[in-house]
Structures are given as C-alpha cells and as structure tokens.
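# okay, here's the prediction I keep looking at, along with the sequence it came from:
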Amino acid sequence: MKRTLIEWANHNSHTYNAAGVGWMAARVQERLQTLGAKVNRIDLPSAEIINDAGERIAQPLGPAVYAIKRPDAKVKVFLGIHIDTVFAVDHPFQSVREVDANTLNGPGVVDAKGGLVVLLTALEALERSGFAQTTGWEVLINPDEEIGSPSSVSLLSECAKRNHFGLVFEPALPDGNLVGARKGSGVFTFVIHGKAAHAGRDFGSGRNAIVAAAELVRELHRANTGIDSSKDRDINPGEGVTFNIGKITGGGPSNVVPDRCVVTLNVRTMHPHDIPLINRHIEHAAETAGRIDGIRVETFGGFSSPPKPLDELSQKLLDIIIQAGRQLDLNLTYRPSGGTCDGNKLAAAGLPVIDSMGPRGGHLHSPEEFVSVDSLAERAKLTLLTLHALGK
C-alpha cells in the first residue's frame, strides 16, 4: 500500500492536468478490472470557470472511472473518492518524502490518494473473502471534486439512487475519528465592470471597478457580524455561517482607472434553511455595488455542496462502522466538520453516507500534507469489516 501510494502521489493529478488525471485513471481501471467488475472510463464535459480577467472559459477535465459488481445483490454499497489534487503542475510541491517510518509527506497522500489506496485494497480483500457474494458494490472515482464536482455530480446522483449505503474515502479526522454532519459550501464569483480612463488627464470619466469591488466586499463581509444588511435580520454566525473573501483580482498600471475586477467568495453553513437568506444577502451586496454610477456587476456560482445533516440512516451506518472499529481495538467516535466533499452531494440525493473512511493524516491542501502509513491498512480493515456487517 505504501509503495503504491508513493508512486501515485509522485504523479501530478491536479484537477486541470487532464493528462495526469488520465494516467491515474488508467492505474485505477487496471486495479478494478482484476476484481472481475464491469469497468468503464467516462469522459466528462469541460468545467466552466471564470478566469482572472472575468472571462467565462471551458476547462477540459480528465476522465472518471466507474465500476460495478453484483448489481443484483440484496445489499448494494457505493464506494467513492476523487482522483484529483489541488497542486497544479507548476506548484513546487510535487514529490513524496519519507519523514519517518510511519509518515509520508507529499501531494495528495491523504487527500485523497491515500483514500483511493484504502478503497481498492478493501475491495480486493472483500473479493478474496468468503462473504463477498452477499454484497454488491459500485465505485466512482471522479476527477473534479476539488472544484466542487461540477461535471461528475450527475454521476454521483445516479449512484446514490442505486445503492443502500455509501462510503467515501476522504481523510479521517486527524485523531482517526469519523465525520458526522458537514457544512454546505457555496462558491460565488463576481465580475465588476467599470470604465477605463487616464488617471491624470481624464480621471473623472473613469469608473473604478476596484472601488466598486471594495463596496461589494464590505457588504458581503457584514454577514460575518451577524447582520444581513438587506433585511436587517440575523444570519447568526454562531450557527456556523461564514462569508470568506478568497481572492480579488483586478487593475493594472497605477495611471489607469481599472475597468474590471473579479472577486471570489466562499460561503459555508450547517443549515439548509440559511441558504435563501445567504442568497438574498449576496444579491443585495451585488446590487449595492452595482448602484454606483457606471458600474455593472455579474454574479456566477451558487451552492454546489448542500449542508449534510446526520440523518437516521446515516447514524445507523456510523454505528455499524464504530462497531467494526471495536473489532480492531479502535474506539471511534464522530464530530461535525466545516469541510465539504462528495458526501454532501450523495446525501442530498438520498444516500446514507459516511465520508471519512480514508486514512489518518493532516495539513490538507498545503506542502505539509502528510499521511500516517499504519492507518492505510487500518482503514482498509475497517472498510472490509463494515462491508461484511452490511452484507449480513
């Protein structure tokens, strides 16, 4: 498992590195085919993104890998994880190093190539066991989770409808425990259009897009104080609503009034009923900036990952996993998380799902990302015991 993980993490598979994702997809396809499953490589449509110039462009993606075995079994389980990472091909963090005998530092070692190794190893063990025939399974390995799974969400929804339970191999919490409820996440991009002019000779005829963006950002950030200025109602950050301004791009030479600025926002909440109020606040902020003479604001995006509450059936699945952990002398428990993943989408489509079956590690999305090597086998055993219990 360790050797495979090192090999895979040393190959860049950033979301927009279609060739690197394709290389990984081929490795996964080979492993799944050895299990006697029906395996398909699925080409996905391009993702639409807004670039730093405020232009809408189509970004090609690599393929997804789908496999199914025993679809007529009494109990059917979905297993999934993503193949992409956040580290671009020009990022300096590109290779794995062994920190010590039990720690690997490298891109994607825990998020989520470690989870991918766990998933495949557990299925291989299942197929060698004496109880495999009681459990059917479906696997989807998608290439776009790190950007919200825009091109694979329909595949996830279809899988959710065909299965009884779902296991997703995002990292465990750092102490090895599981995630129960998850926040929902929305990503919004605002393109602010002004009018360029010479800052010395013709300043008055210009319309500064950066100044308008500052007004937009001020209004958006007010939600973090608990006030929705459009309705003067509480959003209540104590319940976990956050508005994070992630990026602002715009301007050029200082002697030119800037005619364009792009602002990116991430919003998170634990409660579905917050979303209409959040949307109203965003609309109001955009309208406020757009009321400045000569300014126009375009808004793109929305909630790609709805909040994931812990419902009764997911609680039942959690209890089964915790009981399986006891057989391995693991005293597992669970906590909510502010992070989102494909588990949010699967739950929204009606599938009871636990989405932290991957290994232990930490510092996700940073050059300090690491995985605890001993947790690879541990989580594969936990998955095998869970599948056994579900198939009974």
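Yep, it's here.
# tally of neighbours for the closest residue to Asp43 other than its chain neighbours?
In space, and not counting its chain neighbours, Asp43 is closest to Pro63: 5.4 Å by CB to CB, 6 or more residues apart in numbering. Where C-beta positions appear, they are placed from N, C-alpha and C, glycine not excepted. Counted with other CB atoms under 10 Å, residues neighbouring Pro63 total 22.
# residues contacting Pro63?
Residues near Pro63 by CB atoms under 8 Å, 6 or more residues apart in numbering: Val21, Gly22, Ala25, Arg41, Ile42, Asp43, Leu44, Pro143.
# quick one: the strands in the stretch 151-300 of the chain?
165-168, 178-182, 184-193, 197-198, 227-228, 233-234, 242-250, 256-257, 260-269, 296-305 (DSSP state E, counting those that start in this stretch).
# point me to the helix or strand that includes His388.
Per DSSP states H and E: His388 is located in helix 374-391.
# what's the mean pLDDT across that helix?
Averaged across helix 374-391, pLDDT comes to 98.
# and it, which residues are buried?
For helix 374-391, a neighbour-count test (16 or more other CB atoms under 10 Å) marks 375-391 as buried.
# tell me what angle that helix forms with strand 178-182.
For helix 374-391 against strand 178-182, the angle by axes from the mean of the first three to the mean of the last three CA atoms, to 10 degrees is 70 degrees.
# helix 374-391: how far from the chain's middle?
Distance of helix 374-391 from the chain centroid (CA atoms, centre = their mean, to the nearest Å) equals 23 Å.
# then stretch 20-40?
Relative to its chain's centre, stretch 20-40 lies at 22 Å (CA atoms, centre = their mean).
# just to revisit the earlier point, which of the contacts of Pro63 fall within strands?
Taking DSSP state E as the definition of strands, those contribute Arg41, Ile42.
# hang on, the earlier thing: save the strands of the stretch 151-300 of the chain as a markdown table, and put in distance to Asn279, mean pLDDT and mean neighbour count too.
A markdown table is the format used below for the strands of the stretch 151-300 of the chain (distance: least, CB to CB, whole Å; pLDDT from 0 to 100; neighbours: other CB atoms under 10 Å):
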| stretch | distance to Asn279 | mean pLDDT | mean neighbour count |
| --- | --- | --- | --- |
| strand 165-168 | 27 | 98 | 27 |
| strand 178-182 | 20 | 96 | 21 |
| strand 184-193 | 8 | 97 | 22 |
| strand 197-198 | 34 | 97 | 15 |
| strand 227-228 | 11 | 57 | 18 |
| strand 233-234 | 13 | 54 | 14 |
| strand 242-250 | 12 | 96 | 16 |
| strand 256-257 | 31 | 98 | 18 |
| strand 260-269 | 9 | 97 | 23 |
| strand 296-305 | 8 | 95 | 18 |
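# and the helices in this protein, which stretches?
2-9, 18-33, 113-128, 153-162, 209-221, 275-290, 312-326, 342-348, 374-391 (DSSP state H).
# quick check: Leu44 vs Arg201, distance?
Using CB to CB, to the nearest Å, one gets 50 Å for the distance from Leu44 to Arg201.
# if we ignore the residues flanking it in sequence, what's nearest Thr264?
Nearest residue to Thr264 in three dimensions, chain neighbours excluded: Lys247, at 4.3 Å (CB to CB, 6+ apart).
# that neighbour: what's it in contact with?
So Lys247 contacts Val262, Val263, Thr264 (CB under 8 Å, 6+ apart).
# out of those, which comes closest to Ile321?
Thr264 (35.8 Å; CB to CB).
# name whatever forms a beta bridge with the closest one.
Thr189, Lys247 (DSSP bridges).
# run a quick neighbour tally on Glu283.
Glu283 has 12 neighbouring residues, counting by other CB under 10 Å.
# so who does Gln315 touch?
The contact partners of Gln315, by CB under 8 Å, 6+ apart, come to Gly180.
# and Arg326, by the same measure?
Contact analysis of Arg326 by CB under 8 Å, 6+ apart lists nothing.
# confidence score at it?
As predicted, Arg326 sits at a pLDDT of 98.
# how close does it get to Leu382?
Arg326 sits 10 Å away from Leu382, going by CB to CB.
# ok so, going back, tabulate the strands of the stretch 151-300 of the chain in a markdown table, adding columns for distance to Val139.
Compiled in a markdown table, the strands of the stretch 151-300 of the chain are given as follows (distance: least, CB to CB, whole Å):
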| stretch | distance to Val139 |
| --- | --- |
| strand 165-168 | 10 |
| strand 178-182 | 20 |
| strand 184-193 | 24 |
| strand 197-198 | 57 |
| strand 227-228 | 42 |
| strand 233-234 | 43 |
| strand 242-250 | 32 |
| strand 256-257 | 53 |
| strand 260-269 | 29 |
| strand 296-305 | 21 |
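# any idea which helix or strand in the chain has the lowest mean pLDDT?
Counting by mean pLDDT, DSSP states H and E, the weakest-scoring helix or strand in the chain turns out to be strand 233-234, with a mean of 54.
# start and end of stretch 59-77, how far apart?
32 Å (CA to CA, to the nearest Å).
# please apply the same query to stretch 363-370.
End-to-end span of stretch 363-370 (CA to CA): 7 Å.
# how far is that stretch from where the chain is centred?
Offset of stretch 363-370 from its chain centre (CA atoms, centre = their mean): 15 Å.
# flag every buried residue along it.
Leu364, Glu369, Phe370.
# how near is Leu216 to Ile245?
Relative to Ile245, Leu216 is positioned 9 Å away (CB to CB).
# report the set of residues contacting both of those two.
Joint contacts of Leu216 and Ile245 (CB under 8 Å, 6+ apart) are Val263.
# coming back round to it: now do the helix holding His388 against helix 2-9, angle only.
Going by the same axes, to 10 degrees, helix 374-391 is angled at 100 degrees with respect to helix 2-9.
# other SSEs contacting helix 374-391?
Here helix 374-391 touches strand 75-82, helix 113-128, strand 135-142, strand 165-168, helix 312-326, going by 3 or more CB pairs under 8 Å, 6 or more residues apart in numbering; DSSP states H and E.
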